[in-house]
Each structure stands twice: as structure tokens, then as C-alpha cells.
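Student: next input, structure requested:
(chains A and B)
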Amino acid sequence: MAFEGLTERLQNAIGKLRRKGKVSETDVKEVMREIRLALLEADVNFQVVKDFVKTVRQRAVGAEVLESLTPAQQIVKIVNDELTKVMGEEAVTLEKAPKIPTIIMMVGLQGAGKTTTLGKLALKLKKEQNARPLLIAGDIYRPAAIDQLKIIGQNIDVPVFSLGTDISPVEIVRQGLIQAKEKKNDYVLIDTAGRLQVDEKLMNELSEIKQLAEPNEILLTVDAMTGQNAVEVAKGFNEQLNVTGVVLTKLDGDTRGGAALSIRAVTGKPIKFIGQGEKMTDLDVFYPDRMSSRILGMGDMLTLIEKAQQDFDQKKATEMQEKMRENTFDFNDFIDQMAQVQKMGPMEDIIKMIPGMANNPALKNLKVDPKDIEHLKAIVFSMTEKEREDPDLLNPSRRRRIAAGSGRPVQDVNRMIKQFNQMKKMMGKVSKGNFSGMEGMLGNGISGKLAKMSMNSMMRKNKKRKLKRLRKKRKHK
Amino acid sequence: MGFFDKLKRAFSGEETKQASEEEQKYEHGLQKSRKTFGDKLNELFANFRSVDEEFFEELEETLIEADVGFETAVKISDELKEEVKLRNAKDKKAVTQAIIEKLVSLYEAEGKVEENDLHFAAEGPTVFLFVGVNGVGKTTTIGKLAHRLKAEGKKVLLAAADTFRAGAIEQLVEWGKRVDVTVVSKPEGSDPAAVVFDAVQKAKTESYDILLVDTAGRLQNKVNLMNELAKIERVITRELPAQPQEVLLALDATTGQNALTQAKQFKEVTKVTGIVLTKLDGTARGGIVLAIRNELHLPVKLVGLGEKMDDLRDFEPEEFVYGLFKGLI
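Tutor: Down below sits the predicted model:
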């Protein structure tokens, strides 16, 4: 998960402040140094770091912090504010042409992930807007790049326009656009070959395509693992093509992703999407405010909730709520919940989105094998219907039978039953709005506090949304 | 004679070097690297007023910006603080000297036991396994290397074990056509270890000299994918006990600090023997090579300096540092 290191360092630095009742100017200076190093270590461009630290320092030394009762929290707030500012305040959506087709062009260095992202974007448009996109294969240089796009097109069932590798990309785009017009495609996505921003010949080719196609969006694809170089790349492409947005790829790696900070700061262009996995559905809208919360270890509850909302079957969710209220949480629910969670993505990513979990030392090397969940399922599936509904039935003899049936050691069965009981207890508490038992779970100190803050705000937001929904319902009646 | 002195003499013209074609290629590919690395340091020295906290902070930033790596930058600047005190260096020249000397000696010390040559088996087929994250240039490197080995008169076989990414197999097959070598492949989605098994068998029975194995790009934090890699390596070793002779980790020269974690994690599952530094022509900072040496302790064996077929070069550590510090000493 991105940004872990940064979160950790910032919290360490601020933790030092926390122990002091009053903060002096030298204290602030020391914290700033830590923040500076943390950002540099995270590959944020040095110039951006310099400006950032300067702004934070100015605000931090100001009276508002030194004289406040909770200087640490004040500084966290300032850092959070400024981070969000650097990364852009709000999520920026795709531009849409007034008349179809909307033309989107992907550009970037070699191996940044243009072709894959193009496929993901096409699928997203198809799923969310019922769009009928056309992909144009404009990479005639890399061996088999066209084949790659064709296979992707096949997998997501989207047409691909290509003319082989002997015709210039400009011509391919021209003819592709004509076809899109004929077939009334509402989106045209142009794939281009990877190139260095200093390669004049190839950059001119892009300018020509741009002139011809007049794209509504020119998306610069950048590998999230890029180091200090990210700024030069972004600058180079932006100066020559005036890109409209950025896609950050490979964020599912363990990169700290400082590139995200730098690019926005240097080019002023918004990051529109982030690629978070190898599956075709792994493309998400970039939310700057959530990202900065994540940096500060406040977790990314909103993304988590949104993911859950998307994946959770609405009906099943209501059932679950009912169960929670009644506190009849049985093994059927346990397995169901596991399956729902699994749909959201790799377990370790999801856990780390929970506030306070991101830099919990116990989770640092956490790697959840997707098979673990399969094993849990196997255990439950080896229970009888009765056992699933009434866990108290499970005596040692039954447990042995279940172990044999699921092919797991009996210890695993015991552990799983224990986990189940804990979860059951938690569910009971959460449904009554009582978080007291969870405090230890969310770490302690500042992270715990921050976690609680964001947890509360999440609950409030949830409630608000619920009220809204209810009101809407009433109106419709 | 110390490496630093050697460099100095080379620059002052005492040791006249005949620039071979190889060197010119290097010079050309690294022109950008050097310019900026040298420029950056020069800029720092030009602004030099006095040795104080601020200067060291700036030095740190300059080094980080030149991609020498976070750890290395902090280490150098800390050591330098001591050094400058000891030597009582105050004027610009002395401090400059101290910094460059530090960089060079660090580079030399860390590289003492390093072997930058590719190793080939004494007899039987040699296997090179290529690993790395997505989009660093594994397949391209294999294509280029196959071209070179073929030109050297070796019988080369390629294994398309990237059965995951769309079009990856076609990409390698296309390279096979271009450089005229055989490619072992199976349909997309097959077990990569099975492809490797077939390839190893073929290499054994038809007595190929070299087998180059392409693998799918994988992010180092994906457990299952990393295990798959370990399996591929196991299959090779089972069939040919002394192989793979080299497990080469492809690193994108523009990657930042994450390169470090990549190397660490790949080292955990396979026995990485060396690094292929790709897209070096795309970065303005040669500092990454210092970082690799100081922090990864893995030898750079090949460098990618461009898009053409013959743009893959053996790494020459001395040439490299010579180029990097040219004009600074």
C-alpha cells in the first residue's frame, strides 16, 4: 500500500511533539526536518518538499499553534491541509465532449502502463456510463503492442481499430476517427507508443496526433514508483502537449508514491485516476483529500466504504444490518462477509485502509494469502446447517470431524471459531454504536486519536447519508 | 594507486585514453546523465558560501535529487560533516574535493567484490532468468541480449514464461523473429513453470548454448506471484542443477526509492545475481548507480541505453564513474 513509510515517519516526528505540553520554535524546526526527510524518502521532488516545508513551518510557528493547547494536533491539521492543497482539493472527473465522440489520448514513458490503463478506462466507461468506446492502436513501435491492445479489447468486449505497424500513427488515428464517426462510438481512446519526453521526433508525432484529433483529454500515465525524475517527465509532456490530467499506475505496489505529490505541484494538472492492480477492474478515481488522510495514518475509510457499497449486494447488506441489530451473527454471515470483503481486493490493502491500521507495527509485514480465506470457507462448508446457525454445538468431536472434512488441522478450526466469536462480539458492539472495545485495536497515541476522529466522522457521514436516503424514500412515496 | 587518484590523473591528461567505439556509445548514452549530475554538484559548489547546517541540508537535497538514494545521501552528508571538521576545510576547493573523494571512495569500496560480468556455464546450456516489476523492460532486454549473443555465434533459445500479460507472448515471439532465434511458448494463461520446463528440456536435448527466460512483471508485494517465481526457479534447478546461472533483476533507472524494496523482495524469493538497469537514457541522473551499489549490494551487469537493438551494453563501472565526475575534479 502506498505511503506507509511517509505515514510512519510523520507520526514519529509528531509523536515527539505530543509529549510536550508546550511547543517551542526549535521543536517545530525539528519536526519540520523529520517531515522534510520523510517526504524526500518518499520520492517527493525536492523542490516541492522545500516549498511544502516552508509553508507548513510558517503556519506552524504562527501563534495559532504555539499557544494552542494541542500543538501536535494543530500541526497534523496544518500538514494535512497543506498536503491536500498540494495534491489538489477535489477529485476531478473526465472531460466530456458536447458532441460525441469524446476523445481521450494516453501518453507517457515506456512501460508506464498506458495500454493496460486504456483497457481499464474503457471497461470503466462501459460499466458506469454504458458507453460504446473504440480503442485505436497507435503504438506501431513496440513489438506486439497492437496484439496486446487487441487481446485486451477482446477480454472486455470493446472494438479495437488498427492498421498494422506499417502506417504512421497519425494516419491510423485519422482513419480510426472516421470509423468512430460512422459507427457512432461515444468514446474514442487512443493508445500511443511509450517515449521519452526528450525524444523530439516522437514528441512531434504526438503533437501531430493532438492537432488532428483535438482530444478532450490527454492523460499522462506515470508509474507511481518513479523517483525524482517524475517531475521532468511531467514537465516535458505537459510543455509540449498541455496534458489535461494524470493517471498514476502501479499504486498497488509498496511504493510511497511521492510522485503523486510532485506532479500535481509542478504541473498543476490533476491526477484523475489511479491504477491499483492487474485486473481490468482495478482503476479508481483519485481523491486527493483521502490520499492525504492516508498519509497521515487516518486511513482511507471513505474509499473503503465506497468499495463496500459498490460490491455489497444491497439486499445482502440489509439482511446483514438486520442480523447485526438482532445480534444473531452466525457462520453463514461470517462466510458471507468474508466473501464480500474478498471481492473488494487483497485483504492486506483493505485492512490498511482502516484508520490507524496503516502503520500498526503488527501489520507491517502482514501478507494475507488469498488462500487463507478459502481455507476458512472450507471449514465452514464442512459444518452441518445446524452447526452453522448454532456455533455452541461445536464440541471437540464435531470439531475433529470438521477438520477432517475440510482438510485443515484441528487447530485451524479452533482458531477460526475463536475469530468468529470475536467478530460476533464486535458486531454486537458496533451495532449499538459502542467503540470502546476497539480502541486497543486501532493503535494508541496520536494515531489512535486520529483514528477515532476519522472513525467518528465516518459514522456521522454514514448517518447523514442514511437520513438523506430515508428522506428521499419518503418523498417518492 | 587509489581509484580517486587514477581518476584524477585520467582527467588531468596524464593517462591519455583512447576513446573506443564502446566508450563513445557510453558517453553518448550518458551525456544527459552526466551533464545533470555534474551540473547539480557544480551548482551547489557555485552557491557555496560557508560550511554550515544549511550547506549540508542543500548537499543532502542535491544528492537525493541526483538519485544517489536517500540512505547514501544522508550517510555522505553526515560523514562529510565529520570530515570537514577534521580537515578543517573551509574554502570551496577543499570542500569540493572532500565531497567528490567521499563519493568516489564509497563507490570503490562498495564495489570491491563486485563482478560485473555475465557468467556462463562451463558446459551444457546456460540459463538466464529475468525478473522484475511490471513495465521495466524485461522482454525488450531479452530481445536485445538474444541479438547480441546470436551475433557472438551462440545458439540461443527464448522461453515466453510471461503467460499473464496480454500480448506478452506475441511480443517475445516478434523479437524471436527479428533476431532469428527460437522461442518456446504456450497459449496465454498456461502455467509459466510448464513453459520453462519445456524450454529447459528443449535446450538440453537440442544442445542450445543459452536459454533466456522471460517472466511476467510482478509487484514485489504480491505473495502469490512471488511464489510462482520461486517455482519457476525450482523447475530450472531441478532439471539443470547448476542453473539458472544468472537471475537478473530488471530495474527501471527512473524508479525512485522503491527500487530498493524491489531488489530486497526479489532477493528473498530468488537468488538474484545481478541487475539490468534499463532506460538509463531516460534519466538525467546517473546517481542511481551509486545508490544500487551502496544500498543494494548487487552488481549492475547490463545497462539499457536506448531503443535500438544494439543499445544494450555491459556495465563498465570505471567508465561510468569516469563519465559521471568528468569536469568536477
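
Student: can you show me the helices along the stretch 151-300 of chain A?
Tutor: Taking DSSP state H, counting those that start in this stretch to define them, one finds helices in the stretch 151-300 of chain A at A:169-183, A:200-213, A:230-241, A:258-267, A:288-295.

Student: please identify which of these is closest to B:Val183.
Tutor: With Cβ to Cβ, the closest approach to B:Val183 among these belongs to helix A:169-183: 27.0 Å. Yep, even glycine has a C-beta here, placed from its N, CA and C like the rest.

Student: any residue of that closest one touching chain B?
Tutor: No: under the criterion of Cβ under 8 Å from any Cβ of the partner chain, helix A:169-183 makes no contact with chain B; the nearest approach is 15.6 Å.

Student: keeping just the C-alphas, turn that helix into CSV.
Tutor: The C-alpha coordinates for helix A:169-183 follow below in CSV (Å, rounded to 0.1, in the frame of the first residue of the first chain):
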residue,chain,number,x,y,z
PRO,A,169,0.2,6.6,-36.1
VAL,A,170,-1.2,9.9,-37.3
GLU,A,171,-2.9,8.2,-40.3
ILE,A,172,-4.1,5.4,-38.1
VAL,A,173,-5.8,7.9,-35.8
ARG,A,174,-7.3,9.8,-38.7
GLN,A,175,-8.9,6.7,-40.1
GLY,A,176,-9.9,5.5,-36.7
LEU,A,177,-11.8,8.7,-36.0
ILE,A,178,-13.6,8.3,-39.3
GLN,A,179,-14.7,4.8,-38.3
ALA,A,180,-15.8,6.1,-34.8
LYS,A,181,-18.0,8.7,-36.5
GLU,A,182,-19.6,6.1,-38.8
LYS,A,183,-20.2,3.7,-36.0
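
Student: give the buried residues for stretch A:153-165.
Tutor: A:153, A:156, A:158-163, A:165 (16 or more other Cβ atoms under 10 Å in any protein chain shown).

Student: and what of stretch A:178-186?
Tutor: So stretch A:178-186, judged by 16+ other Cβ under 10 Å, has buried residues A:180, A:185-186.

Student: please enumerate the strands of the stretch 201-329 of chain B.
Tutor: In the stretch 201-329 of chain B, the segments counted as strands under DSSP state E, counting those that start in this stretch are B:210-215, B:246-252, B:274-278, B:300-304, B:312-314.

Student: rank the ones you listed by pLDDT, which is bottom?
Tutor: Ranked by mean pLDDT, those bottom out at strand B:312-314, with a mean of 81.

Student: re earlier: farthest-separated two in the buried residues of stretch A:153-165?
Tutor: A:Ile156 and A:Thr165 (22.9 Å).

Student: in three-state terms, label A:Thr116 for me.
Tutor: helix (DSSP: H, G, I helix; E, B strand; the rest coil).

Student: show me the contacts for it.
Tutor: A:Thr116 is in contact with A:152, A:249, A:275, B:165-166, counting by Cβ atoms under 8 Å, 6 or more residues apart in numbering or on different chains.

Student: for the stretch 101-250 of chain A, list the residues in contact with chain B, please.
Tutor: Residues of the stretch 101-250 of chain A lying near chain B by Cβ under 8 Å from any Cβ: A:109-113, A:115-116, A:119, A:141-152, A:155, A:196, A:198, A:223, A:225-230, A:232-233, A:250.

Student: please indicate which of those are buried?
Tutor: By 16+ other Cβ under 10 Å, those give A:109-113, A:115-116, A:119, A:142-152, A:196, A:223, A:225-230, A:232-233, A:250 as buried.

Student: quick one: name the residues of the stretch 1-150 of chain B near chain A.
Tutor: Counting by Cβ under 8 Å from any Cβ, the stretch 1-150 of chain B sits next to chain A at B:32, B:60-61, B:64-67, B:70, B:74, B:133-137, B:140, B:143.

Student: which ones among these are found in strands?
Tutor: Assignment to strands by DSSP state E places none of the residues of the stretch 1-150 of chain B next to chain A there.

Student: and the residues you listed, which of them are in helices?
Tutor: Mapping the residues of the stretch 1-150 of chain B next to chain A onto helices (DSSP state H) picks out B:32, B:60-61, B:64-65, B:70, B:74, B:140, B:143.

Student: would JSON lines of those with pLDDT, neighbour count and distance to A:Gln419 be doable?
Tutor: Formatted as JSON lines, these follow (pLDDT from 0 to 100; neighbours: other Cβ atoms under 10 Å in any protein chain shown; distance: Cβ to Cβ, whole Å):
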{"residue": "B:Lys32", "pLDDT": "52", "neighbour count": "18", "distance to A:Gln419": "55"}
{"residue": "B:Glu60", "pLDDT": "79", "neighbour count": "21", "distance to A:Gln419": "47"}
{"residue": "B:Glu61", "pLDDT": "78", "neighbour count": "20", "distance to A:Gln419": "48"}
{"residue": "B:Ile64", "pLDDT": "78", "neighbour count": "30", "distance to A:Gln419": "44"}
{"residue": "B:Glu65", "pLDDT": "75", "neighbour count": "24", "distance to A:Gln419": "48"}
{"residue": "B:Phe70", "pLDDT": "76", "neighbour count": "22", "distance to A:Gln419": "39"}
{"residue": "B:Val74", "pLDDT": "81", "neighbour count": "17", "distance to A:Gln419": "43"}
{"residue": "B:Thr140", "pLDDT": "87", "neighbour count": "25", "distance to A:Gln419": "47"}
{"residue": "B:Gly143", "pLDDT": "88", "neighbour count": "25", "distance to A:Gln419": "50"}
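
Student: now those in JSON lines, with distance to B:Pro241?
Tutor: Formatted as JSON lines, these follow (distance: Cβ to Cβ, whole Å):
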{"residue": "B:Lys32", "distance to B:Pro241": "44"}
{"residue": "B:Glu60", "distance to B:Pro241": "48"}
{"residue": "B:Glu61", "distance to B:Pro241": "49"}
{"residue": "B:Ile64", "distance to B:Pro241": "44"}
{"residue": "B:Glu65", "distance to B:Pro241": "46"}
{"residue": "B:Phe70", "distance to B:Pro241": "40"}
{"residue": "B:Val74", "distance to B:Pro241": "43"}
{"residue": "B:Thr140", "distance to B:Pro241": "30"}
{"residue": "B:Gly143", "distance to B:Pro241": "28"}
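
Student: in stretch A:264-272, what's buried?
Tutor: A:264-267, A:269-272.

Student: and it, anywhere near chain B?
Tutor: No: residues of stretch A:264-272 contacting chain B under Cβ under 8 Å from any Cβ: none, with a closest distance of 13.3 Å.

Student: quick one: end-to-end distance for that stretch.
Tutor: By Cα to Cα, to the nearest Å, the extent of stretch A:264-272 from end to end equals 11 Å.

Student: okay, now the unreliable bits of the stretch 151-300 of chain B?
Tutor: B:222, B:282-286 (pLDDT under 70).

Student: repeat for the stretch 301-450 of chain A
Tutor: A:301-329, A:336-370, A:426-450.

Student: show me the chain divided up by domain.
Tutor: If you meant another chain, say so; for now it's chain A. Domain assignment for chain A by automatic domain parsing gives A:4-87, A:102-295, A:301-467.

Student: you answered for a different chain; I wanted chain B.
Tutor: Taken from automatic domain parsing, chain B resolves into B:3-110, B:126-272.
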